[in-house]
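Novice: here is my input, please return the structure:
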Amino acid sequence: MMRVAVVGGGLSGLVAAHELARSGGARVTVYEKEEHLGGAKTVAVNGGSSGPVLVDVDFMVFNRVTYPNMMEWFERLGVEMETSDMSFSASLRLNKGNGFEWGSRNGISSVLVQKSNFLSPRFWLMINEIFKFKNHALKYLEDHARNPDQNETLGQFIQSHRYSQLFQDAYLIPMCACIWSCPSQNVFGFPAGFVLSFFCDNHLLELFSPLQWLNVKGGSGSYVNKVREELESMGCQIKTGCKVRSVSRLKGGYRILEADGSEEIYERIIFCVHPPDALKVLGTEATPDEQRVLEAFQYIYSDLYFHCDESFMPHNSSAWSARNFLGTTSSGVCVTYWLNILQNTESARPFLATLNPPRVPDHVLLKWHTSHPIPSMAAAKATLELNNIQGKRGIWFCVPYQGYGNHEDSVKAGKAVASGLLGKKCDFLVNPKPMVPSWTEAGARFLVAKNMGKYITIGNFSILEEGGTTLSFGKTCERCQLKCVIRVHNPQFYWKIATEGDPGFAYSYINGYISFVDKKEGLQNIVEITLANRGERKRLSSSHANNKSYIKKGWWTPLLRINGVTLAKYVLHEVLRRNTISKARKNISAHYDLSNEFFALFLDPTMTYSCGIFKVEDESLEAAQLRKLDNLINKAKVEPGHHVLDIGCGWGSLAIRLVKRTGCKCTGITLSEEQLKYGKRKVKEFGLEDRITLLLCDYRQIANGQKFDRIISCGMLEHVGHEFYEDFFASCEYHLAEHGLLVLQSIACPEELYDKMRTRPEFLKEYIFPGGCLPSLARITSAMSNASRLCVHHVENIGYHYYPTLIHWRDNFVANREKVLALGFDEKFIRTWEYYLNYCAAMFKSHMGLDYQIVFARPGDSKMPSYVAIA
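Specialist: Now for the predicted structure:
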């Protein structure tokens, strides 16, 4: 295996090493002269009353629009992120000694923080020029898209458009200085195309950036630790505190000489350090081309003080922003970064990082040194020649300044070098276009966000829009530690939620308007978060009985009055799907006649489509289903001479198990033609045709006068419908012989939700089970008492077994995805069933779904068996 040395353990070095190690084609060693990886230092400081806090001195911020490759890499690593702030302020003394301040953190109030600016024509001219600058920049970039001018400087661009001095001093120079840490005299020497492209691509041509900025939760150390763990697990050697003194050519490879005199031999070298440092290590080994290209990249070096001295912030606290330009000094630009809002540091103390202060700040916690590349004409031209020296003699240069030199370019550089070394093509993700909603979608978005903000208080639900905007609701806590993140690909999602609620959310997932970042647990988590907040609001409403603000509609209910039209359509639809004898068969066929081959892909070998009963956690699904069947048989007290009716016999698993165990006779009825075909075939295979009869028959059409010693119905009552529960019990009463028993197994909903679920649009009824209705226990017993002489003799809730049952089904379904497609089903069908299985799993995991096994008998029956203990 090829031995590769990565010199430099910053972000680009870690990415390059990670890509090489993942490929399996290289044995990698990373050299880092500092004691820590990643190029950033996390320190623990005294946060005052809040206790010690972790702060990144050399912080990283990024967003989903302009950092797509970095975001993909972080998400693959499982790095947790949180929102950040990249607001800006300028606080400076102008030529005549007058102070001038403005900011962007608090919108227009920060822009107008200096009251004298209200009446200042110069100020309003500057604001107008900011908008003009955007138009001029976009036109310049459009005109030079095909023939970029490598010689025009930013100063020449500014002069040609005659921008005012205040615009230059209070806006353009401070913005550039905050980005590149360069003195004002250097800014105008930057290439115009480079600066304007950077402003455009990073949405800095707007007075208020629409981007949602992010940082790594817990500091850069948290992502570094994840990368290090993965690298070491893949056999990568990491040497921190190990400075490389020189790299020299040997036959068939290179020798690395470490500072302590140790030597190692490698076949390939990747330099992930600043070009001047790479040239220093190579020394006389550098080729003339390497020398010429790499010398073009120059850096500015700055002192960075980490402190708590508020005098290095704008005078007016309302102007305080994430980045605060304070002018220039003899040693460079003076900028203060407010780490509290950049890194969400919860502390009463202000934690500040100032570049090149004119004096040493008070309350210094740490002094640091940092360096930044200087954009220049020479560097711009050198980037075009960089590929001419890459890998020519087994040495690669991981230089992120082929782009803008930010963290995204570091990731791209690392991936590009690793791919080049391996001889593979490297495809980068491109910046996603911002999502542009219509006015109706924008209005719906506002309503949805407002309602979610009020409703979701525990647990965290985040929305990532195509284009980078992030909405976040609620915080994790002891009562709910779950998180869910969805990506919105189409703004129609907001309209569907606002007008349809729960079915609209399902529709959006099924039609690709949204997707879950966590594809396996995401849907379950949002359902559980919703249910947790429902419980939280009930808890709060009970403790604040007179405060009606706690009783709000949930986010999953329609928010706009147009939902009356939706409700009317739903009511009409439900009327047309009522489970009359003719329509019940159509409703059943819509689900159960999809394909026997399809159901066989995710059910257990017995083809049992109801809740199993697990004895141990890792038990097989088949064992759990057989135990459930035996449980029903035991509760029915079936004897050899009995004739048993199986209502909703499915694919025949209960009937076959029943007859094989007890020797009784069984008649099974179903409304599914596919189930009937399969069941009859299995009965014939087992040689039980003389004892089992399967019929295509409605429970209301069983032959008059026919009596059964036992009636068992498993998973069928959910398809009867609210209006027909009495009919069901009347039929059972009529066909149940003297001393007979009726045993039911049925999913049920909590009493408080029954009327809401049956009268409102709901995902399961709309997409999975047309005509379906989950009963409540009270509705079951009321139908029993209204239509029969039966009474409840035994009841047991086995609902807690349904979660593992559904997880087995889901995992089987996902594992057989390609086989499902091969049967002729499309991607929309796949997403519908993924949603269905995860949705139901979440309901049972949160104990909002119930599954009852109930034994009914007539009162006063002297032959009624005992139910003290049921095996």
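Novice: for residue 367, give me phi and psi.
Specialist: With angles defined as degrees, to the nearest 10, residue 367 sits at phi -110, psi 140.
Novice: and the pLDDT at it?
Specialist: With respect to pLDDT, residue 367 has a value of 86.
Novice: residue contacts, it?
Specialist: 303, 304, 305, 306 (Cβ atoms under 8 Å, 6 or more residues apart in numbering). No exception for glycine: its C-beta is placed from N, CA and C like everyone else's.
Novice: same deal with residue 311?
Specialist: 361, 362 are the contacts of residue 311 under Cβ under 8 Å, 6+ apart.
Novice: so it versus residue 352, what's the distance?
Specialist: 10 Å (Cβ to Cβ, to the nearest Å).
Novice: pLDDT below threshold where in this protein?
Specialist: Regions of the chain meeting the criterion pLDDT under 70 cover residues 47-51, 58-59, 93-98, 146-150, 184, 328-332, 401-402, 542-576, 867-871.
Novice: which residues do residue 311 and residue 352 both contact?
Specialist: Residues touching both residue 311 and residue 352 (Cβ under 8 Å, 6+ apart): residue 361.
Novice: before we move on, back to that, redo the contacts of residue 367 as TSV? Include distance to residue 324.
Specialist: Listed next are the contacts of residue 367 as TSV, based on distance: Cβ to Cβ, whole Å:
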residue	distance to residue 324
303	17
304	14
305	14
306	15
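Novice: dump the residues you listed to TSV, plus neighbour count.
Specialist: Shown next, in TSV, are those (neighbours: other Cβ atoms under 10 Å):
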residue	neighbour count
303	15
304	20
305	23
306	24
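Novice: tell me the one of those nearest residue 117?
Specialist: Nearest to residue 117 out of the contacts of residue 367 is residue 305 (Cβ to Cβ; 30.3 Å).
Novice: make sure the closest one is indeed in a strand.
Specialist: Yes - judged by DSSP: H, G, I helix; E, B strand; the rest coil, residue 305 forms part of a strand.
Novice: show me what contacts it?
Specialist: Each residue near residue 305 by Cβ under 8 Å, 6+ apart is listed here: 353, 354, 357, 360, 361, 364, 366, 367, 368.
Novice: what's the burial count for the second one?
Specialist: Other residues within reach of residue 354 by the criterion other Cβ atoms under 10 Å amount to 24.
Novice: under a three-state scheme, what state does it occupy?
Specialist: strand.
Novice: flag every buried residue along the helix or strand residue 659 falls within.
Specialist: Applying DSSP states H and E as the criterion places residue 659 in helix 653-662. If you call a residue buried by 16 or more other Cβ atoms under 10 Å, then helix 653-662 has these buried ones: 653, 654, 655, 656, 657, 658, 659, 662.
Novice: and which of the residues you listed is nearest residue 594?
Specialist: Proximity of the buried residues of helix 653-662 to residue 594 (Cβ to Cβ) peaks at residue 653, which lies at 18.0 Å.
Novice: roughly how far apart are the closest one and residue 768?
Specialist: Relative to residue 768, and taking Cβ to Cβ, residue 653 is found at 21 Å.
Novice: how about residue 75?
Specialist: 31 Å.
Novice: what does residue 666 give?
Specialist: Counting by Cβ to Cβ, the gap from residue 666 to residue 768 is 28 Å.
Novice: okay, the two: which has more neighbours?
Specialist: Between residue 666 and residue 768, counted using other Cβ under 10 Å, the more crowded position is residue 666 (28 against 19).
Novice: pretty sure that one sits in a strand.
Specialist: Yes - applying three-state DSSP, one finds residue 666 inside a strand.
Novice: I figured it hits residue 660, correct?
Specialist: No - at 10.3 Å, residue 666 and residue 660 do not qualify as touching, with contact defined as Cβ atoms under 8 Å.
Novice: tell me which element residue 744 is part of?
Specialist: Here residue 744 is assigned to strand 736-748, by DSSP H and E.
Novice: alpha carbons of that strand, in CSV - could you do that?
Specialist: C-alpha atoms of strand 736-748 as CSV (Å, rounded to 0.1, in the frame of the first residue of the first chain):
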residue,chain,number,x,y,z
LEU,A,736,-71.5,-16.9,18.3
ALA,A,737,-72.7,-20.2,19.6
GLU,A,738,-73.9,-20.7,23.2
HIS,A,739,-70.9,-20.6,25.6
GLY,A,740,-68.9,-19.1,22.8
LEU,A,741,-66.0,-16.6,23.1
LEU,A,742,-65.1,-13.6,20.9
VAL,A,743,-61.4,-12.6,20.9
LEU,A,744,-60.4,-9.4,19.3
GLN,A,745,-57.0,-7.8,18.6
SER,A,746,-57.1,-4.2,17.4
ILE,A,747,-55.0,-1.1,17.3
ALA,A,748,-56.7,1.7,19.3
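Novice: which strands and helices sit next to that strand?
Specialist: helix 621-636, strand 708-714, helix 777-787, strand 850-857 (3 or more Cβ pairs under 8 Å, 6 or more residues apart in numbering; DSSP states H and E).
Novice: would you mind giving those as a markdown table with mean neighbour count and distance to residue 243 added?
Specialist: Output for the helices and strands packed on strand 736-748, formatted as a markdown table (neighbours: other Cβ atoms under 10 Å; distance: least, Cβ to Cβ, whole Å):
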| stretch | mean neighbour count | distance to residue 243 |
| --- | --- | --- |
| helix 621-636 | 20 | 58 |
| strand 708-714 | 24 | 72 |
| helix 777-787 | 17 | 73 |
| strand 850-857 | 22 | 65 |
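Novice: which of those sits closest to residue 643?
Specialist: Checking the helices and strands packed on strand 736-748 against residue 643 by Cβ to Cβ gives strand 708-714 as the closest, at 5.3 Å.
Novice: stretch 501-509: how far from the chain's middle?
Specialist: Put simply, stretch 501-509 sits 17 Å off its chain's centre (Cα atoms, centre = their mean, to the nearest Å).
Novice: circling back to that earlier point, of the contacts of residue 367, closest to residue 594?
Specialist: Looking across the contacts of residue 367 and measuring by Cβ to Cβ, the closest to residue 594 is residue 306, at 63.1 Å.
Novice: wait, what's in contact with the closest one?
Specialist: Per Cβ under 8 Å, 6+ apart, neighbours of residue 306: 43, 45, 55, 57, 351, 352, 353, 364, 365, 366, 367, 368.
Novice: how about the first one, secondary structure?
Specialist: Read it as residue 43. With three-state DSSP as the criterion, residue 43 reads strand.
Novice: neighbours around it, how many?
Specialist: Number of residues near residue 43 (other Cβ under 10 Å) recorded here: 16.
Novice: do the fifth one as well
Specialist: For residue 351, the number of neighbouring residues by other Cβ under 10 Å comes to 23.
Novice: surely it and residue 339 touch.
Specialist: Yes - Residue 351 is in contact with residue 339 according to Cβ under 8 Å; the separation is 4.3 Å.
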